[in-house]
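S.K.: After the sequence you'll find the predicted model.
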Amino acid sequence: MRKILIKSIIQAIPSVIIGGITAVIALYTNTEFFNIISDCSFLIVPALLAGFIAKEKCGSIGFIPALILGSLSQFIHLGLIGGIISGIFIGYFIELLKKIKVPIEFTSIMYLIFIPIASTLVGSLFIFYIFKIPTLFLIEQANLYLNNLNDKNIIFLTFMLGGMIGADLGGPINKIAYIYGITTLEYGRYDIMGPISVAICIPPLSLGIAQFILKNRFSKMEREAGTLAIFLGILGITEGALIYLTKDIKILPITVISSAIGACSAAILHVTSKAPHGGLIVLPLVNNKIEFIISIIIGSVAALFLLYFLKPINKKEF
C-alpha cells in the first residue's frame, strides 16, 4: 500500500503545482480568473488521490467510485486525509466484491453496474456517517482550542499553528491553521499570517534540501523528488512533502516540530505578512524580510537536525 500511495501522490502532484502557481499569479495580479483556476486545481486533489489509489489497488473499475468518494470528502471538509481513506476503502472493498462468483452472462452487469454502485454507496455511507464524525469532532475541538488561546501569548499560539501546518501537509489540520491565519488578516492582524507563511514552506523545502545533505537517509525515489520538493516549498505548497511522509512515518514528528519552530521564530522576530499564502514567493509582501528568511532557515535546520537522528541510514542503497 505504501508504494501505491507514493505513486498516487506523484500522479496527483501536477494538480497541486498548477494550483500553487496560479495562486501565486492571482496573489500578485489580483485576478479572479487565476484565483478560480487555483481553487479548482486544489479542490480536485482529494478526488484525484482517491481515484489513483483505488485504480492502483483494484484496477480501473475503482477509479470512478473513488473519484466520487474523494469529491465527497472534499465537500464535507475532510480534505486529503478523506481522499486517501476513500481510495484505500474503495480499493479493498472492490477487491472483496470481485471474489463474488457470478454466471458469465452476468459478468458485464457485475462490473459495469453492481460493483460501481455498491462500492460508491457503501463507501459513501462509511465516509459520511462513520469516518466523518470523529474527524470533524477533532477539527472542531482544534478550532475551539485555537479560539480560546490567549492572543497575548503570541509565541505559543504561533508554535501551535506552525505544528498544525506540518501535521498532515495540506489535510484538515493544516487547513484549520491556514484558515485561522487568513481570518486574522480580515481583522487587520498580520502577526499570525507571517509565522504561518514561514511554516507552510518548511516541510517540502527542508526535506528537499536534505536530499543533498543527508543523501544516505533516503531512497533513490525520494532523492529524485528533492528538487521538486524545494520548488514546491518556494511556492508555498506544503503538499510537496507528502511523498516523504507516505514513505516513512518518522517524517511526521519532524515536519510538525520543524514547522512549529520556524513559526515560533518568525513570531519572536516580529515577521508579519499581508499575503494569504506562504513560501519564499511571498517575500515581497512580507515585512522584516531578512527575519522571514532567517526563520525559514531556523525551521529547516531544525528539520535537518531531527532527520539526522530520527531517520536511519538507508543501507539497501548505500
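M.R.: Happy to help now that I have it. Given the structure is predicted, the values throughout are model-derived calculations rather than measurements.

S.K.: Show me the helices in the stretch 151-300 of the chain, by range?
M.R.: For the stretch 151-300 of the chain, helices defined by DSSP state H, counting those that start in this stretch occupy the ranges 154-165, 172-186, 193-213, 220-224, 226-235, 242-247, 251-268, 289-310.

S.K.: most packed of those?
M.R.: helix 193-213 (a mean of 28; mean count of other CB atoms under 10 Å). Bear in mind the C-beta positions are built from the backbone N, C-alpha and C, glycine included.

S.K.: Give me the mean pLDDT for stretch 11-23.
M.R.: Stretch 11-23 carries an average pLDDT of 86.

S.K.: swap in stretch 251-258?
M.R.: In this model, stretch 251-258 has an average pLDDT of 93.

S.K.: Show me how far it is from its chain's centre.
M.R.: Offset of stretch 251-258 from its chain centre (CA atoms, centre = their mean, to the nearest Å): 13 Å.

S.K.: again with stretch 12-22
M.R.: So, by CA atoms, centre = their mean, the centroid of stretch 12-22 is 12 Å from its chain's centroid.

S.K.: hang on, the earlier thing: quick one: which of the helices of the stretch 151-300 of the chain is nearest residue 136?
M.R.: helix 172-186 (8.3 Å; CB to CB).

S.K.: Report the angle between that closest one and helix 154-165.
M.R.: On the basis of axes from the mean of the first three to the mean of the last three CA atoms, to 10 degrees, helix 172-186 is oriented at 140 degrees to helix 154-165.

S.K.: I'd like to check the angle between helix 172-186 and helix 251-268, please.
M.R.: Orientation of helix 172-186 against helix 251-268 (the same axes, to 10 degrees) gives an angle of 10 degrees.

S.K.: ok, residue 113 - how many residues close by?
M.R.: 11 (other CB atoms under 10 Å).

S.K.: sorry, that was for residue 219
M.R.: Other residues within reach of residue 219, judged by other CB under 10 Å, total 15.

S.K.: Next one: it relative to residue 243, how far apart?
M.R.: According to CB to CB, to the nearest Å, residue 219 and residue 243 sit 10 Å apart.

S.K.: can you check residue 203 too?
M.R.: Using CB to CB, one obtains 11 Å as the distance from residue 203 to residue 243.

S.K.: picking that back up, of the helices of the stretch 151-300 of the chain, which is nearest residue 6?
M.R.: Checking the helices of the stretch 151-300 of the chain against residue 6 by CB to CB gives helix 242-247 as the closest, at 5.4 Å.

S.K.: From the chain's centroid, how far away is stretch 248-261?
M.R.: Using CA atoms, centre = their mean, the offset of stretch 248-261 from its chain centre is 13 Å.

S.K.: do stretch 133-146 as well
M.R.: How far stretch 133-146 lies from its chain's middle: 18 Å, per CA atoms, centre = their mean.

S.K.: Buried residues, it. List them.
M.R.: The neighbour-count check on stretch 133-146 (16 or more other CB atoms under 10 Å) flags 135, 139, 142 as buried.

S.K.: hang on, residue 312 in a helix?
M.R.: No: the assignment for residue 312, made by DSSP: H, G, I helix; E, B strand; the rest coil, is coil rather than a helix.

S.K.: Let me see the backbone angles for it.
M.R.: phi -70, psi 160 (degrees, to the nearest 10).

S.K.: Check the spacing between it and residue 142 real quick.
M.R.: Distance of residue 312 to residue 142, computed by CB to CB: 32 Å.

S.K.: cool, and residue 94?
M.R.: 33 Å.

S.K.: Same question for residue 259.
M.R.: Residue 259 sits 15 Å away from residue 142, going by CB to CB.

S.K.: now do residue 130
M.R.: Counting by CB to CB - residue 130 and residue 142 are separated by 20 Å.

S.K.: phi, psi of the nearest residue to residue 270 once chain neighbours are set aside?
M.R.: Once flanking residues are discounted, residue 270 sits nearest to residue 288: 5.9 Å by CB to CB, 6 or more residues apart in numbering. Backbone dihedrals for residue 288, given as degrees, to the nearest 10, come out at phi 50, psi 60.
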